[in-house]
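Chemist: Sequence and predicted model, in that order:
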Amino acid sequence: MKKILPILENNVQWVLIGVGVLYLAYMAWTFVINTPVSVTINNEKLGPGEIDREISDKPVATLSTKMAGSRTFQLPKLTWADDFKSSMELAHTKPIELAAKPWIDIPVIPSGGSGGGVPEPGGGIVQPIAQLPTVPPAQMGPLA
(Lines give C-alpha, C1' and ligand atoms only; values in the text may rest on other atoms or scores of the structure.)
Protein backbone atom coordinates (compact mmCIF):
# COMPACT_ATOMS: atom_id res chain seq x y z
CA MET A 1 0.00 0.00 0.00
CA LYS A 2 2.91 2.33 0.74
CA LYS A 3 4.28 1.78 -2.76
CA ILE A 4 0.95 2.24 -4.59
CA LEU A 5 -0.18 5.39 -2.76
CA PRO A 6 2.63 7.68 -4.04
CA ILE A 7 2.06 6.45 -7.61
CA LEU A 8 -1.70 7.22 -7.37
CA GLU A 9 -1.02 10.65 -5.85
CA ASN A 10 1.38 11.56 -8.67
CA ASN A 11 -0.86 10.20 -11.46
CA VAL A 12 -4.40 10.81 -10.13
CA GLN A 13 -5.25 13.08 -13.06
CA TRP A 14 -4.46 10.30 -15.57
CA VAL A 15 -6.49 7.78 -13.61
CA LEU A 16 -9.52 10.10 -13.60
CA ILE A 17 -9.09 10.92 -17.29
CA GLY A 18 -9.01 7.17 -18.01
CA VAL A 19 -12.21 6.63 -15.98
CA GLY A 20 -13.85 9.56 -17.85
CA VAL A 21 -12.84 8.12 -21.24
CA LEU A 22 -14.28 4.72 -20.28
CA TYR A 23 -17.53 6.38 -19.20
CA LEU A 24 -17.66 8.41 -22.43
CA ALA A 25 -17.09 5.26 -24.50
CA TYR A 26 -19.87 3.44 -22.59
CA MET A 27 -22.33 6.32 -23.14
CA ALA A 28 -21.42 6.58 -26.84
CA TRP A 29 -21.91 2.83 -27.29
CA THR A 30 -25.20 2.82 -25.39
CA PHE A 31 -26.91 5.92 -26.78
CA VAL A 32 -25.25 6.65 -30.16
CA ILE A 33 -24.27 3.34 -31.69
CA ASN A 34 -27.00 1.17 -30.12
CA THR A 35 -30.24 3.12 -29.77
CA PRO A 36 -31.91 2.26 -26.43
CA VAL A 37 -35.34 3.24 -27.77
CA SER A 38 -36.42 0.58 -30.24
CA VAL A 39 -39.41 -1.57 -31.08
CA THR A 40 -39.42 -5.05 -32.57
CA ILE A 41 -42.04 -5.46 -35.30
CA ASN A 42 -42.12 -8.68 -37.34
CA ASN A 43 -38.71 -9.71 -35.95
CA GLU A 44 -37.22 -6.43 -37.16
CA LYS A 45 -35.73 -3.91 -34.72
CA LEU A 46 -36.94 -0.38 -35.56
CA GLY A 47 -35.88 2.97 -34.11
CA PRO A 48 -38.04 6.07 -33.62
CA GLY A 49 -37.33 7.42 -37.13
CA GLU A 50 -38.17 4.15 -38.89
CA ILE A 51 -41.55 3.37 -37.34
CA ASP A 52 -43.53 5.93 -39.38
CA ARG A 53 -42.02 4.69 -42.64
CA GLU A 54 -42.76 1.07 -41.70
CA ILE A 55 -46.40 1.88 -40.86
CA SER A 56 -47.00 3.89 -44.04
CA ASP A 57 -45.38 1.26 -46.26
CA LYS A 58 -47.14 -1.84 -44.99
CA PRO A 59 -50.44 -1.49 -43.05
CA VAL A 60 -51.53 1.84 -44.51
CA ALA A 61 -50.83 0.72 -48.06
CA THR A 62 -52.80 -2.49 -47.51
CA LEU A 63 -55.73 -0.57 -46.03
CA SER A 64 -55.70 1.96 -48.88
CA THR A 65 -55.87 -0.76 -51.54
CA LYS A 66 -58.73 -2.49 -49.74
CA MET A 67 -60.65 0.78 -49.31
CA ALA A 68 -60.16 1.75 -52.96
CA GLY A 69 -62.31 -1.18 -54.10
CA SER A 70 -65.93 -0.40 -55.02
CA ARG A 71 -67.39 -3.35 -53.19
CA THR A 72 -70.68 -2.64 -51.44
CA PHE A 73 -72.44 -4.67 -48.81
CA GLN A 74 -75.74 -4.52 -46.97
CA LEU A 75 -75.81 -3.91 -43.26
CA PRO A 76 -78.13 -6.25 -41.38
CA LYS A 77 -81.17 -4.65 -39.79
CA LEU A 78 -80.73 -4.36 -36.07
CA THR A 79 -83.72 -5.51 -34.09
CA TRP A 80 -82.50 -4.57 -30.64
CA ALA A 81 -83.93 -1.05 -30.96
CA ASP A 82 -87.43 -2.40 -31.65
CA ASP A 83 -87.09 -4.92 -28.83
CA PHE A 84 -85.99 -2.19 -26.43
CA LYS A 85 -88.85 0.10 -27.46
CA SER A 86 -91.47 -2.63 -26.99
CA SER A 87 -90.05 -3.57 -23.58
CA MET A 88 -90.07 0.08 -22.48
CA GLU A 89 -93.70 0.42 -23.58
CA LEU A 90 -94.53 -2.77 -21.59
CA ALA A 91 -96.33 -4.14 -24.66
CA HIS A 92 -95.93 -7.80 -23.68
CA THR A 93 -96.78 -7.50 -19.97
CA LYS A 94 -100.07 -7.50 -18.13
CA PRO A 95 -100.46 -4.50 -15.78
CA ILE A 96 -100.56 -5.26 -12.06
CA GLU A 97 -103.77 -4.35 -10.30
CA LEU A 98 -102.58 -2.42 -7.28
CA ALA A 99 -106.00 -1.23 -6.16
CA ALA A 100 -107.16 -4.77 -5.33
CA LYS A 101 -104.17 -5.57 -3.08
CA PRO A 102 -103.38 -4.18 0.37
CA TRP A 103 -100.32 -1.94 0.55
CA ILE A 104 -99.04 -3.50 3.79
CA ASP A 105 -99.76 -6.68 5.67
CA ILE A 106 -100.22 -5.22 9.14
CA PRO A 107 -101.54 -1.84 10.21
CA VAL A 108 -98.85 0.66 11.18
CA ILE A 109 -101.07 3.07 13.07
CA PRO A 110 -102.91 1.46 15.98
CA SER A 111 -106.66 1.73 15.97
CA GLY A 112 -106.96 3.12 19.48
CA GLY A 113 -105.81 0.00 21.34
CA SER A 114 -105.04 0.05 25.04
CA GLY A 115 -101.23 -0.22 24.74
CA GLY A 116 -100.66 2.97 22.75
CA GLY A 117 -97.67 1.45 20.98
CA VAL A 118 -97.03 0.82 17.33
CA PRO A 119 -97.03 -2.81 16.19
CA GLU A 120 -93.84 -4.15 14.56
CA PRO A 121 -93.81 -6.61 11.64
CA GLY A 122 -92.48 -9.30 14.02
CA GLY A 123 -95.51 -9.00 16.24
CA GLY A 124 -94.10 -6.89 19.13
CA ILE A 125 -95.19 -3.42 20.17
CA VAL A 126 -92.90 -0.39 20.10
CA GLN A 127 -93.75 2.22 22.73
CA PRO A 128 -93.93 5.84 21.61
CA ILE A 129 -91.16 8.24 22.72
CA ALA A 130 -92.30 10.32 25.68
CA GLN A 131 -89.40 12.79 25.82
CA LEU A 132 -86.20 13.32 23.84
CA PRO A 133 -82.93 13.11 25.78
CA THR A 134 -81.15 16.37 26.58
CA VAL A 135 -77.56 16.89 25.48
CA PRO A 136 -75.23 18.40 28.13
CA PRO A 137 -73.55 21.69 27.18
CA ALA A 138 -70.07 21.56 25.67
CA GLN A 139 -67.11 22.15 28.00
CA MET A 140 -63.59 23.25 27.15
CA GLY A 141 -61.06 20.48 27.77
CA PRO A 142 -57.58 20.98 29.19
CA LEU A 143 -55.11 22.77 26.89
CA ALA A 144 -51.87 20.90 26.51
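Modeler: Yep, that arrived.
Chemist: Any buried residues in stretch 11-19, and which?
Modeler: For stretch 11-19, a neighbour-count test (16 or more other CB atoms under 10 Å) marks nothing as buried. The C-beta positions use only the backbone N, C-alpha and C, and glycine is treated the same way.
Chemist: Can we start the residue count at 502 from this point?
Modeler: Understood, numbering begins at 502; the last thing we discussed is stretch 512-520.
Chemist: Contacts for it, please.
Modeler: For stretch 512-520, the surrounding residues in contact (CB atoms under 8 Å, 6 or more residues apart in numbering) are Leu509.
Chemist: what ranges do the strands span in the chain?
Modeler: 540-542, 545-547, 619-620, 626-627 (DSSP state E).
Chemist: which of the ones you listed has the lowest average pLDDT?
Modeler: Ranked by mean pLDDT, those bottom out at strand 619-620, with a mean of 60.
Chemist: how close does the residue nearest the centre of the chain sit to Tyr527?
Modeler: The residue lying closest to the centre of the chain (CA atoms, centre = their mean) is Val540, at 26.9 Å. Distance of Val540 to Tyr527, computed by CB to CB, to the nearest Å: 24 Å.
Chemist: So what's the residue count around Asp558?
Modeler: The number of residues packed around Asp558, counting by other CB atoms under 10 Å, is 10.
Chemist: Next up, the contacts around it.
Modeler: The contact partners of Asp558, taken as CB under 8 Å, 6+ apart, number zero.
Chemist: Just give the closest residue to the residue nearest to the centre of the chain, not the sequence neighbours.
Modeler: Take Val540 and drop its neighbours on the chain: the residue closest to it by CB to CB, 6 or more residues apart in numbering is Leu547, 5.3 Å away.
Chemist: List the residues that contact the one you found.
Modeler: Residues in contact with Leu547 (CB under 8 Å, 6+ apart) are 539-541, 555.
Chemist: ok, and the most crowded of those?
Modeler: Glu555 leads these on contacts (other CB under 10 Å) with 15 neighbours.
Chemist: That one reaches Ile542, doesn't it?
Modeler: Yes - Glu555 is within contact range of Ile542, at 6.4 Å (criterion: CB atoms under 8 Å).
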